[in-house]
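A predicted structure for the sequence below; I have some questions about it.
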Amino acid sequence: MNQDRLRLDLAGLAEEVTPVDLRDRALRTSRRLGIQRAVATSAAALVVLAAATGTALAIRPNGQGPAPAPAGPSVTTTAPPVEVTPTPERSATTSPTGSPARPPAVLPGTRYYLEMTDTRARIHAVRSGSDQVVHQISYARYGCEPNTITISPDGKRVAWVQNSTDNGTSGVLLAATIGKPGATRLLDDVNCLGTRPLVWKNSGQLLVHKKTREPVLIDVAANRRINGDPSLERPAGRTDDMADSRVWSADGTWMAVSTEDKSYKPFVTDGERTYEYTYTPPQEEAAHWGGWEARSVSLDGRYVSVGWEGTDPSRHDDSFAVVDTTTSKVVDLPGSGDIRSIMFTVDNKVIVKRAAGITVLDSSFTPLGTVTESAPVRAMRLLAYVP
């Protein structure tokens, strides 16, 4: 009975299931799956958007996306695209702060100046606008020190003659390291008179003269006398007195020799090549001086700056003209104003110190720029320039 009853129930159920019912059920199932996929996709999009905007979202633990919002109209929100702005390349004409870049300095190195008081000499190191006193030397007012203080071409050493008891005509040669206390005694009975009694051949060798006018070349670092140096020998065919008349280029390659005996021409030499030249100073000024001599030499030996010799045996660092040693012609220097000194540097520049400041030229005398000096510095002697 039970089996017959079961067959009848199954037959009745089969009659109730029609193709329409199967289609409706399939559509409902498909719709339900589509909604679930859409919810999952929306949840993923919201997670990405939340990460980009820093918003926290609560995700239902059953993975069905965010909790349903209160009943209301459905609103679809599209996240705006993220725009990436490329980093602009740094302009070569602006600094990192956006202000115009500063042009390179025409004299980026250190300039050494000599300040003199009644009882003390101060060496100033001036660089990029800063001014520092790096060395001081005490002395008697009328002693040898004011006339002899000099700086090596590399700016590391200072040398001078300490006054003795012969009324300021000679003394003891001393040398020290810039910025450090103490001094080394190098030689006694050294002459301290003349326009330039101490002359550097290079950064380690210093030319001086004894009271007897004998030239002596000193190795300052080794504290010893150098014998047999060719630069101390008189050239063949010359008998003139060459004392106190030599000056070297900043690298020590070329030597310029002037002489009081005007029957001989001044010359420059590097030991292999020699250029003789002539120079006639301005007559209206020459009457007030005891003559002229070379003050500085270019690295190639072609040019010398010349300055006056005083009628008194005192120091003179000034120069006023440049002469071409290959043609004996005076170089027309650009710029205006009274010239105080002219210096050929080891980096192949020409420093023209004028009453109003410094003009910097290249090796062909083309202007590179100017350097403004403070009023106190402008009144000091320029001893050396170290790039």
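Everything's here; your move. If you're wondering where the values come from, they're calculated on a predicted model, not measured in any experiment.

quick one, domains of this protein?
In terms of domains, the chain is parsed into 2-49, 139-229 (source: automatic domain parsing).

confidence-wise, which of the ones you listed is weakest overall?
Here the domains of the chain differ in mean pLDDT, and the lowest is domain 2-49 at a mean of 49.

what is the burial count for the residue nearest to residue 372 when sequence neighbours are not counted?
Excluding the flanking residues, the one nearest residue 372 by C-beta to C-beta, 6 or more residues apart in numbering is residue 357, at 5.3 Å. Bear in mind the C-beta positions are built from the backbone N, C-alpha and C, glycine included. When neighbours are counted by other C-beta atoms under 10 Å, residue 357 registers 15.

cool, and residue 328?
15.

got it, and residue 375?
6.

what separation is there between it and residue 127?
18 Å (C-beta to C-beta, to the nearest Å).

now do the same end-to-end measure for stretch 306-318.
One end of stretch 306-318 to the other measures 8 Å (C-alpha to C-alpha, to the nearest Å).

going forward can the numbers begin at 5, since that is how I track them
Yes, from this point I'll number from 5; that puts the last item at stretch 310-322.

what residues of that stretch count as buried?
For stretch 310-322, the neighbour count (16 or more other C-beta atoms under 10 Å) marks 310-314, 317, 319-322 as buried.

now stretch 326-345
326-329, 335, 337, 343-345.

and these, which two are furthest apart?
329 and 344 (22.5 Å; C-beta to C-beta).

tell me what the strand or helix carrying residue 355 is packed against?
In this assignment (DSSP states H and E), residue 355 forms part of strand 354-358. Helices and strands touching strand 354-358, by 3 or more C-beta pairs under 8 Å, 6 or more residues apart in numbering; DSSP states H and E, are strand 343-348, strand 361-365, strand 385-390.

can you give me how far stretch 350-364 is from the chain middle?
16 Å (C-alpha atoms, centre = their mean, to the nearest Å).

ok, stretch 178-186 next?
Relative to where its chain is centred, stretch 178-186 has its mean C-alpha point 25 Å off (C-alpha atoms, centre = their mean).

end-to-end on it?
End-to-end distance for stretch 178-186: 10 Å, by C-alpha to C-alpha.

what comes into contact with it?
By C-beta atoms under 8 Å, 6 or more residues apart in numbering, the list of residues contacting stretch 178-186 from outside reads 127, 129, 138-139, 155, 159-166, 187-190, 210, 224.

returning to what we had before: now mean pLDDT and distance to residue 304 too, for the helices and strands packed on strand 354-358, in CSV please.
Shown next, in CSV, are these (pLDDT from 0 to 100; distance: least, C-beta to C-beta, whole Å):
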stretch, mean pLDDT, distance to residue 304
strand 343-348, 96, 10
strand 361-365, 97, 15
strand 385-390, 97, 18
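
right, so of those, which gets closest to residue 220?
strand 385-390 (21.7 Å).

check which helices and strands the closest one sits against.
Checking 3+ C-beta pairs under 8 Å, 6+ apart, strand 385-390 ends up next to strand 114-120, strand 154-155, strand 343-348, strand 354-358.

now that strand and strand 343-348, what's the angle there?
Angle of strand 385-390 versus strand 343-348, following axes from the mean of the first three to the mean of the last three C-alpha atoms, to 10 degrees, is 20 degrees.

partner strands of strand 385-390, with direction?
strand 114-120 (antiparallel) (DSSP bridges).

downstream of the partner strand, the next helix or strand is which one?
strand 124-131.

pull out the buried positions in that following strand.
Neighbour count says strand 124-131 has 125, 127-130 buried, by 16+ other C-beta under 10 Å.

ditto for stretch 360-367
362-365, 367.

try stretch 281-291
281, 283, 285.

who touches it?
With C-beta under 8 Å, 6+ apart as the criterion, stretch 281-291 contacts 269-272, 293, 296, 308, 310, 312, 325, 327-332, 334.

the same query, at a cut-off of 10 Å, please.
260, 262, 266, 269-272, 293, 295-296, 298, 308, 310-312, 324-325, 327-334 (C-beta atoms under 10 Å, 6 or more residues apart in numbering).

give me every residue that touches the most centrally placed residue in the chain.
In the chain, the residue lying closest to the centroid (C-alpha atoms, centre = their mean) is residue 112, at 3.7 Å. Residue 112 sits next to 131-132, 351, 391 when contact means C-beta under 10 Å, 6+ apart.

how about a markdown table for those, with distance to residue 206 and pLDDT added?
Below are these laid out as a markdown table (distance: C-beta to C-beta, whole Å; pLDDT from 0 to 100):
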| residue | distance to residue 206 | pLDDT |
| --- | --- | --- |
| 131 | 22 | 95 |
| 132 | 26 | 87 |
| 351 | 15 | 96 |
| 391 | 15 | 95 |
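
report the two of those separated the most.
It's 132 and 351 that sit farthest apart of the contacts of residue 112, by C-beta to C-beta, at 16.1 Å.

just want to know which of these two has more residues nearby.
The neighbour comparison of residue 132 against residue 351 (other C-beta under 10 Å) goes to residue 351, with 13 against 9.

cheers, nothing more for now.
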